[in-house]
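>>> What shape does this take:
(2 chains)
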Number of protein chains: 2
Amino acid sequence: MQLIDGNAISAEIKEELKVKVQERKKHGLKIPHLAAVIVGNDGASLTYVNSKVKTCRELGFDSTLIQLPDSITQEELLRQIENLNHNQDVDGYIIQLPLPHHIDEKEVLLKVDPAKDVDGFHPESIGKMALGMDTFLSATPAGIMELLKRKNIDTVGKKCVVLGRSHIVGMPISLLMQRNSQPGNATVTTLHSRSEDVEKICAEADILIVAIGKPGFLKSHMVKEGAVVIDVGITRVMDDTKKSGFSIKGDVDFDDVSPKCSWITPVPGGVGPMTIISLLINTLKAATNKDEK
Amino acid sequence: MQLIDGNAISAEIKEELKVKVQERKKHGLKIPHLAAVIVGNDGASLTYVNSKVKTCRELGFDSTLIQLPDSITQEELLRQIENLNHNQDVDGYIIQLPLPHHIDEKEVLLKVDPAKDVDGFHPESIGKMALGMDTFLSATPAGIMELLKRKNIDTVGKKCVVLGRSHIVGMPISLLMQRNSQPGNATVTTLHSRSEDVEKICAEADILIVAIGKPGFLKSHMVKEGAVVIDVGITRVMDDTKKSGFSIKGDVDFDDVSPKCSWITPVPGGVGPMTIISLLINTLKAATNKDEK
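Here you go, the predicted model:
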């Protein structure tokens, strides 16, 4: 069994990105600029957004945090987004979810200019991905593809089973794994809450991507000898042995499953650290797209 | 074995659409208006477009055929599309493919206003479909879903194997069959040119959707007893016994496969007649969307 070390791979890519930004600076090209919009004061969301902004700065990106009050109206939020769409200095931006209950999240996300949609959540971005067109790939699926690529894991013609059909992981990773690209060209089966024979179908997979948010769901009897297992789960569970009182659990029972795997991602430290990487890659791409015009 | 008779079902839906258009007329609402753009004089394309326009008129829709010369420039074609986007009387329009070689097809299709994209080919339409949002579904996949619905064929939790990952059939039907809708909620596996174990995977399917353009590809040993088989192939093959010199063949070896099926679509007269139906449903929807504003 070999570990797919997301921390090591993300550190490697961060160094590459830092050099690319320095190169741009040297050539007088625009410094990539990411803005992050957060509405309200939710502690976890704030921590998450702040860490994105901090990573940006470490790598030489410009970044702006736009913190808006919980009481903001739909109209005012849409106006703020309109401003970001028109702001020539901002190359890409994200809107931290969830938004307060009185806000129509769908209308807000549809308002994002697809040219600045570095989260890859806009229908046009998803559609272009499905059609194999150049676009911003959504962060977690793109991070998984990057892990497979960096480890030279062969996916062509392999049986890939995706557990989960969520809009942010399961559905897009199914499309990426089956399309004609490298990595890609796998034979993909997508399982979900209505699927039957789940254990048997998993046990036939060469590559398993698990994104259902059920800690420890995947057990060794559901895994073929030599399979590649990618664990996208990140659930907080109570843990008295930790100072924080909780630990982060993946969807895979790691101790049980890992001895059978050729490759496996740990949780934490597997897919998790790749999400911010995808966001940075997309922001650099947004800035580079403007060079070409 | 029971036949899924696309001719009978499309005739039934045509009657329903006719009544809906009459109702709109009665209530002073706008008559749905479909425009079709064709560039050049290709015989087959002209026949195809003319039959769409004719069907529109039979059902009381307004329709316009815009025939443009082969020599049209990219700029002039884009200007024509801009006009259609702004024309308040046209609810939806289609651009007959293929376009001449000197035209950048992708740029043209991206120019179509998604609100008028009744072919469902624009990335935004595909993305909304993938995200389960309200949109125009692309014609052939929507036609297949309609056949399954009208025949009350149970898809929930069933193993559905889609042969082919094309942008106009395989990929979108995979998404429609797996998403949380009715029909839908199937466990979908998508096979393509790089897949291995194709025969074995097909033989385990409860529902087979074949869209690869290889006449007679699917044989009985690849089909489970009681399977539902949907044949999307329409290939012209030479046939001396026909006056025209050719006949239309599906991707399924019908005589060999049909005795094992619970349901099967014939070719011709299965999926084929449903494509125009989807287009008409989308055009009616485009007109209705305007009512609500």
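>>> rest of the way, CA atoms for contacts and neighbours
Fine.
>>> Around chain B, pick out the residues from the stretch 1-150 of chain A.
A:His122, A:Pro123, A:Glu124, A:Ser125, A:Ile126, A:Gly127, A:Lys128, A:Ala130, A:Leu131 (CA under 8 Å from any CA of the partner chain).
>>> Return the entry from those with the maximum number of neighbours.
A:Ile126 (31 neighbours; other CA atoms under 10 Å in any protein chain shown).
>>> For the stretch 51-200 of chain A, which segments count as helices?
A:74-86, A:105-111, A:123-130, A:139-150, A:170-178, A:198-203 (DSSP state H, counting those that start in this stretch).
>>> deepest of those helices, which one?
Neighbour counts (mean count of other CA atoms under 10 Å in any protein chain shown) averaged over each of the helices of the stretch 51-200 of chain A peak at helix A:170-178, with a mean of 26.
>>> which helices and strands sit right next to that helix?
helix A:123-130, helix A:139-150, strand A:159-163, strand A:187-191 (3 or more CA pairs under 8 Å, 6 or more residues apart in numbering or on different chains; DSSP states H and E).
>>> what's the angle from the longest one to helix A:170-178?
Put plainly, it is helix A:139-150. With axes from the mean of the first three to the mean of the last three CA atoms, to 10 degrees defining the directions, helix A:139-150 sits at 30 degrees from helix A:170-178.
>>> ends of stretch A:153-161, how far apart?
15 Å (CA to CA, to the nearest Å).
>>> That one close to chain B?
Yes: Stretch A:153-161 reaches chain B (CA under 8 Å from any CA) through A:Val156, A:Gly157, A:Lys158.
>>> Reformat those residues as CSV; add neighbour count, pLDDT and distance to A:Glu23.
As requested, those are arranged in CSV below (neighbours: other CA atoms under 10 Å in any protein chain shown; pLDDT from 0 to 100; distance: CA to CA, whole Å):
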residue, neighbour count, pLDDT, distance to A:Glu23
A:Val156, 20, 98, 35
A:Gly157, 20, 97, 38
A:Lys158, 21, 98, 39
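>>> hang on, the earlier thing: compare the helices of the stretch 51-200 of chain A and report which one is nearest to A:Lys54.
Distance to A:Lys54, taken as CA to CA, is lowest for helix A:139-150 among the helices of the stretch 51-200 of chain A, at 17.6 Å.
>>> from the residues of stretch A:153-161 next to chain B, which is closest to chain B?
Set against chain B, the nearest of these by CA to the nearest CA is A:Gly157 (4.4 Å).
>>> list the contacts for that closest one?
A:Asn185, A:Ala186, A:Thr187, B:Arg194, B:Ser195, B:Glu196 (CA atoms under 8 Å, 6 or more residues apart in numbering or on different chains).
>>> Tabulate the helices and strands packed on helix A:170-178 (JSON lines), appending mean pLDDT.
As requested, the helices and strands packed on helix A:170-178 are exported to JSON lines (pLDDT from 0 to 100):
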{"stretch": "helix A:123-130", "mean pLDDT": "97"}
{"stretch": "helix A:139-150", "mean pLDDT": "97"}
{"stretch": "strand A:159-163", "mean pLDDT": "98"}
{"stretch": "strand A:187-191", "mean pLDDT": "98"}
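>>> got those as CSV, with distance to A:Lys106 columns?
Output for these, formatted as CSV (distance: least, CA to CA, whole Å):
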stretch, distance to A:Lys106
helix A:123-130, 10
helix A:139-150, 18
strand A:159-163, 25
strand A:187-191, 25
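>>> Domain ranges for chain A, per the record?
Following automatic domain parsing, chain A resolves into domains at A:29-113, A:139-272.
>>> So which of the helices of the stretch 51-200 of chain A is nearest B:Ile72?
That would be helix A:123-130 among those, by CA to CA, at 27.2 Å.
>>> the inter-axis angle of that closest one versus helix A:170-178?
Going by the same axes, to 10 degrees, helix A:123-130 makes 30 degrees with helix A:170-178.
>>> Show me the contact partners of helix A:123-130.
So helix A:123-130 is in contact with A:110, A:114, A:117, A:120, A:134-138, A:172, A:175-176, A:179, B:122-128, B:130-131, B:167, B:171, going by CA under 8 Å, 6+ apart.
>>> still on that earlier bit, of all the helices and strands packed on helix A:170-178, which lies closest to B:Ala35?
helix A:123-130 (23.8 Å).
>>> for the closest one, the distance to its chain's centre please.
Distance of helix A:123-130 from the chain centroid (CA atoms, centre = their mean, to the nearest Å) equals 15 Å.
>>> quick one: contacts for A:Val228?
A:Asp206, A:Ile207, A:Leu208, A:Cys261, A:Ser262, A:Trp263, A:Ile264.
>>> tell me the contacts of the last one?
So the one you mean is A:Ile264. A:Met1, A:Gln2, A:Leu3, A:Ile4, A:Val228, A:Val229, A:Ile230, A:Asp231, A:Ser258.
>>> same thing with the third one?
Residues in contact with A:Leu208 (CA under 8 Å, 6+ apart) are A:Cys160, A:Val161, A:Val162, A:Leu163, A:Cys202, A:Ala227, A:Val228, A:Val229, A:Ile230.
>>> Who wins on neighbours among the contacts of A:Gly157?
A:Ala186 (31 neighbours).
>>> correct me, but it touches B:Ser195?
Yes: counting by CA atoms under 8 Å, A:Ala186 touches B:Ser195, with 6.8 Å between them.
>>> between these two, what contacts are shared?
A:Val156, A:Gly157, A:Lys158.
>>> pLDDT of stretch A:12-19, averaged?
Averaging pLDDT along stretch A:12-19 yields 98.
>>> List the buried residues in that stretch.
For stretch A:12-19, burial by neighbour count (16 or more other CA atoms under 10 Å in any protein chain shown) applies to A:Ile13, A:Lys14, A:Leu17, A:Lys18.
>>> before we move on, back to that, ok, the contacts of A:Ile264 vs A:Thr47, which is closest?
A:Asp231 (22.9 Å).
>>> how many other residues sit next to the closest one?
There are 29 residues near A:Asp231, going by other CA under 10 Å.
>>> next one: the one 10 residues further on
A:Thr241 has 9 neighbours, counted by other CA under 10 Å.
>>> now A:Asp70
Considering only other CA under 10 Å, A:Asp70 is surrounded by 16 other residues.
>>> From what I see, it and A:Val39 are in contact.
Yes: with contact defined as CA under 8 Å, A:Asp70 counts as touching A:Val39 (5.6 Å).
>>> and for those two, which residues touch both?
A:Pro100.
>>> Okay, now the unreliable bits of the stretch 51-200 of chain A?
Residues of the stretch 51-200 of chain A meeting the criterion pLDDT under 70: none.
>>> quick revisit: of the buried residues of stretch A:12-19, which belong to helices?
A:Ile13, A:Lys14, A:Leu17, A:Lys18 (DSSP state H).
>>> how about the first one, what does it touch?
The one in question is A:Ile13. A:Ile277.
>>> gap between it and A:Arg150?
For A:Ile13, the distance to A:Arg150 - CA to CA - is 10 Å.
>>> Next: the last one.
According to CA to CA, A:Lys18 stands 18 Å off from A:Arg150.
>>> same check, this time on the second one
Distance, A:Lys14 to A:Arg150, using CA to CA: 14 Å.
>>> One more: A:Val37?
Taking CA to CA, one finds A:Val37 at 31 Å from A:Arg150.
>>> A:Gly233 now?
21 Å.
>>> ok, and the closest non-adjacent residue to the residue positioned nearest the centre of chain A?
Centroid-nearest residue in chain A: A:Thr140, 1.8 Å away (criterion: CA atoms, centre = their mean). Closest residue in space to A:Thr140, ignoring its immediate chain neighbours: A:Thr275 at 5.0 Å, by CA to CA, 6 or more residues apart in numbering or on different chains.
>>> Kindly report the same for A:Ser195.
Leaving aside its sequence neighbours, A:Ser195 sits nearest to B:Gly157 (CA to CA, 6+ apart; 4.4 Å).
>>> Only the C-alpha atoms, please, for stretch A:135-144, written as PDB.
Taking C-alpha atoms only, stretch A:135-144 is exported to PDB below (Å, rounded to 0.1, in the frame of the first residue of the first chain):
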ATOM      1  CA  THR A 135     -13.200  26.200 -18.200                       C
ATOM      2  CA  PHE A 136     -12.700  26.500 -14.400                       C
ATOM      3  CA  LEU A 137     -13.000  23.000 -13.000                       C
ATOM      4  CA  SER A 138     -14.700  22.800  -9.600                       C
ATOM      5  CA  ALA A 139     -12.200  22.600  -6.800                       C
ATOM      6  CA  THR A 140     -12.500  19.200  -5.100                       C
ATOM      7  CA  PRO A 141     -12.900  17.100  -8.300                       C
ATOM      8  CA  ALA A 142     -10.000  19.000 -10.000                       C
ATOM      9  CA  GLY A 143      -7.900  18.300  -6.900                       C
ATOM     10  CA  ILE A 144      -8.600  14.600  -7.100                       C
END
